[in-house]
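**Student:** here is the input, now give the coordinates:
(chains A and B)
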Amino acid sequence: MDGVIAGRPLVAGNADAIALVTREPLSFWGGYDQATGEIIDRRHPLSGQNAAGRILVLPLSRGSSTTAAVLLEAVRQGTAPAAIVTDGLDPFLLLGAIVAEKMYAHTVPVVAVSHKDFERLSDGMRLTIREDGRITIAPANESGDNH
Amino acid sequence: MQLSSDDRAMLGGGHGPAARFAMSILVRMGEIQDAERMIDITQAHIDSTIYQGEATLEFAERLAEMGARVVVPSSANVIGLDEEGWREWQVPEQYAQKAYRQMQAYRQMGCIPTWTCTPYQTALRPRFGQQIAWGESNAIAFANSVIGARTERYPDLMDICAAICGRVPALGLHLTENRAGEVLLTLSEVPEQLQEQESFCTILGYLTGKIAQERVVVIEGLTVRPGEDELKAFGAAAASSGAVALFHLVGITPEAPTLEAAFHGRSPAERHTITLEDLRTARSELTTGDGDQLDMVVLGSPHFSLLEFRRLAPLVAGRRCHSGIRFLITTSRMMRALAEQAGVLEPIRQFGAKITVDTCILATPMLPSDTTTIMTNSAKYAYYSPGLLGANVAFGSLHDCVRSAVAGRIERDETAWTA
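**Tutor:** Okay, here's the model as predicted:
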């Protein structure tokens, strides 16, 4: 299988980390602990996992408008994901990342992928993201538990 | 994206540094989302007021220092403290000071100090068809769906940019073609007697959000017409469990006189049937944990309205909240003043209830740390409390909440749901 996905770099940047993948939308407000990076939505499948420094792969955000502010604060505190990959475009995560870049001159890269490519990404994969939006999936020897 | 001469002037700094900063964010968001142009808005609701830490404070103070001023009437959402009452609760002094500074920054920018998540229940209620830029998920759902005003789902930090420029990218729900229904939910043999239950719309909203996610959803088969506060509860629930920004209730909401009108003459992309069993499951999902232990009852997310105060007053008149239970209602200063004028606050206070304004339990660290279980009739409180407060939640009707507060333990009337 071809291990490269051509994503759309909404907020460009580089990342190299293990993927944390969910098929369920997540509100960062009430769902992402900005002090630690823990997923705290107790009804969400990722509840209890830590997304800081991981490449968070999710369909989109949901719920609160404050998701953007939580992502901004997480960037400031260094608890944001290494990158965010969404199934299509999510304005809330995008806006948080854009404001972070303007305020702190560093941010979390945000890449949109097609639904077909989104389905190829699974938990525990090691992913490399480049500024042009290219996502490379490392060979399977490092893959963790899929769900 | 096509920009007007004013847009270009703002982008070039001709209207000052704040407008340049704000316009650069609006243009970038518009370009990424392939907007063709910008449009005027005539009102905003600013959710960026919520204190979320140093970053949101810095953002607000930087804008204020740059001389930012809103150019359209801009109501302010809840903030991180009850300005006058926070000392009665366990809000740390340092937190309160920062939340207060953030509040002051938005005051300085000219926001109208409503400090409420229900701007649609104030004099600033928009009109049908009005182009507005609103933050706050429940308010967005209400404005689009119940009033027929037009707003995208605006993230915090973008709403204030729109208010400073009076402009937004022409996208999403601002445009007629994107307001057509996508998903159809049909109620099937849901008894009218159940539809008349207080919490019915709240539970249906929670279920709707889970199914619809971010899509425009249409519901048919309601035989009982919901009131304004039921529609408010429906939208808040659907915007918590999902990302619903526009719902059409056939024969009830203004853009859905008929099923055909709700779908703009097209066919639904997806259809679901809602049964009694689906509603029972949704209702039980709103409760976490088990047992009947209770510490606190919290009402008012979205903020309690005058009508809700009027409903509560006779339920508590002449009764006393159990000594081991705290009873809290969150609302706005205006609504508290109206309830006072209406003469309905006295029995509520005598019952032992406290009233907090300007904020809510999710936006300020006010709750005592020994609070392990709260009870509420709000799906929004029920949805977010386990994650944000680390508390268990029991969901119940307004009657259940009062009954439990008196008994000192969770008690619910299950007859309508088990019959």
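
**Student:** outside of whichever strand or helix holds B:M29, which residues touch it?
**Tutor:** In the assignment (DSSP states H and E), B:M29 maps to helix B:17-32. If you take C-beta atoms under 8 Å, 6 or more residues apart in numbering or on different chains as the criterion, helix B:17-32 is touched by A:10, A:89, A:91, A:94-95, A:98-99, A:102, B:1, B:3, B:7, B:10-13, B:38, B:63, B:66-69, B:157-158, B:160-162, B:164-165, B:167-171. For the C-beta atoms, the positions are set from N, CA and C on the backbone; glycine is no exception.

**Student:** packing partners of the helix or strand just after that helix?
**Tutor:** Later in the chain than helix B:17-32, the nearest helix or strand by DSSP H and E is strand B:38-40. Secondary-structure packing of strand B:38-40 (3 or more C-beta pairs under 8 Å, 6 or more residues apart in numbering or on different chains; DSSP states H and E): helix B:17-32, strand B:167-169.

**Student:** okay but B:A416 is in contact with B:Q193, surely?
**Tutor:** Yes - the pair B:A416 / B:Q193 is scored as a contact, 6.6 Å apart, by C-beta atoms under 8 Å.

**Student:** wasn't B:L328 part of a strand?
**Tutor:** Yes - membership of B:L328 in a strand is supported by DSSP: H, G, I helix; E, B strand; the rest coil.

**Student:** now stretch B:92-104: buried residues?
**Tutor:** Buried positions in stretch B:92-104, judged by neighbour count with 16 or more other C-beta atoms under 10 Å in any protein chain shown: B:95-96, B:98-100, B:102-103.

**Student:** in strands, which of these appear?
**Tutor:** Within the buried residues of stretch B:92-104, no residue falls in strands by DSSP state E.

**Student:** among the residues you listed, which one sits closest to chain A?
**Tutor:** Closest approach between the buried residues of stretch B:92-104 and chain A, by C-beta to the nearest C-beta: B:Q102, at 10.8 Å.

**Student:** and the longest helix seen in chain A, how far out from the chain middle?
**Tutor:** When chain A is parsed with DSSP state H, its longest helix is helix A:91-104. Distance of helix A:91-104 from the chain centroid (C-alpha atoms, centre = their mean, to the nearest Å) equals 13 Å.

**Student:** what angle sits between that helix and helix B:17-32?
**Tutor:** Helix A:91-104 runs at 140 degrees relative to helix B:17-32, counting by axes from the mean of the first three to the mean of the last three C-alpha atoms, to 10 degrees.

**Student:** is helix A:91-104 positioned near chain B?
**Tutor:** Yes - counting by C-beta under 8 Å from any C-beta of the partner chain, chain B is contacted by helix A:91-104 at A:91-92, A:94-96, A:98-100, A:102-103.

**Student:** middle-most residue in chain A, spatially?
**Tutor:** In chain A, the centroid-proximal residue (C-alpha atoms, centre = their mean) is A:I84; its distance is 2.2 Å.

**Student:** quick one, whichever strand or helix holds that residue and helix A:91-104 angle?
**Tutor:** Per DSSP H and E: A:I84 is located in strand A:83-87. On the basis of the same axes, to 10 degrees, strand A:83-87 is oriented at 160 degrees to helix A:91-104.

**Student:** what residues does the residue sitting nearest the centre point of chain B make contact with?
**Tutor:** For chain B, the residue nearest the mean C-alpha position is B:N138 (2.8 Å; C-alpha atoms, centre = their mean). Listed by C-beta under 8 Å, 6+ apart, the contact set of B:N138 reads B:117-118, B:232, B:235-236, B:239-240, B:302, B:380.

**Student:** with B:E54 instead?
**Tutor:** A:73, A:76, B:98.

**Student:** try A:Y104
**Tutor:** A:75-76.

**Student:** could you report the pLDDT at A:S64?
**Tutor:** As summarised for this prediction, A:S64 has a pLDDT of 86.

**Student:** could you look up the SS state of it?
**Tutor:** coil.

**Student:** got the buried residues for the biggest strand by length in chain A?
**Tutor:** For chain A, the strand that runs over the most residues, judged by DSSP E, is strand A:15-21. Judged by neighbour count (16+ other C-beta under 10 Å), strand A:15-21 contains these buried residues: A:15, A:17-21.

**Student:** please save the CA atoms from that strand in PDB.
**Tutor:** Extracted in PDB, the C-alpha atoms of strand A:15-21 (Å, rounded to 0.1, in the frame of the first residue of the first chain):
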ATOM      1  CA  ALA A  15       5.400  17.000  12.600                       C
ATOM      2  CA  ASP A  16       6.600  13.500  13.300                       C
ATOM      3  CA  ALA A  17       4.700  11.600  15.900                       C
ATOM      4  CA  ILE A  18       2.500   8.600  16.700                       C
ATOM      5  CA  ALA A  19      -1.200   9.000  15.600                       C
ATOM      6  CA  LEU A  20      -4.000   9.100  18.100                       C
ATOM      7  CA  VAL A  21      -7.100   8.400  16.000                       C
END
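
**Student:** ok, the residue nearest to the centre of chain A touching A:L58?
**Tutor:** Yes - taking C-beta under 8 Å as the definition, A:I84 is a contact partner of A:L58 at 7.4 Å.

**Student:** what segments of the stretch 201-350 of chain B are helices?
**Tutor:** With helices called from DSSP state H, counting those that start in this stretch, the stretch 201-350 of chain B shows them at B:228-241, B:259-262, B:276-285, B:306-316, B:333-341, B:345-351.

**Student:** of those helices, flag the one that's most buried.
**Tutor:** Comparing the helices of the stretch 201-350 of chain B by mean neighbour count (mean count of other C-beta atoms under 10 Å in any protein chain shown), helix B:228-241 ranks first with a mean of 26.

**Student:** skipping adjacent residues, who's closest to the residue nearest to the centre of chain B in space?
**Tutor:** Leaving aside its chain neighbours, B:N138 sits nearest to B:A236 (3.8 Å; criterion: C-beta to C-beta, 6 or more residues apart in numbering or on different chains).

**Student:** mind checking which helix or strand A:A80 is in?
**Tutor:** With DSSP H and E as the test, A:A80 turns up in no helix or strand.
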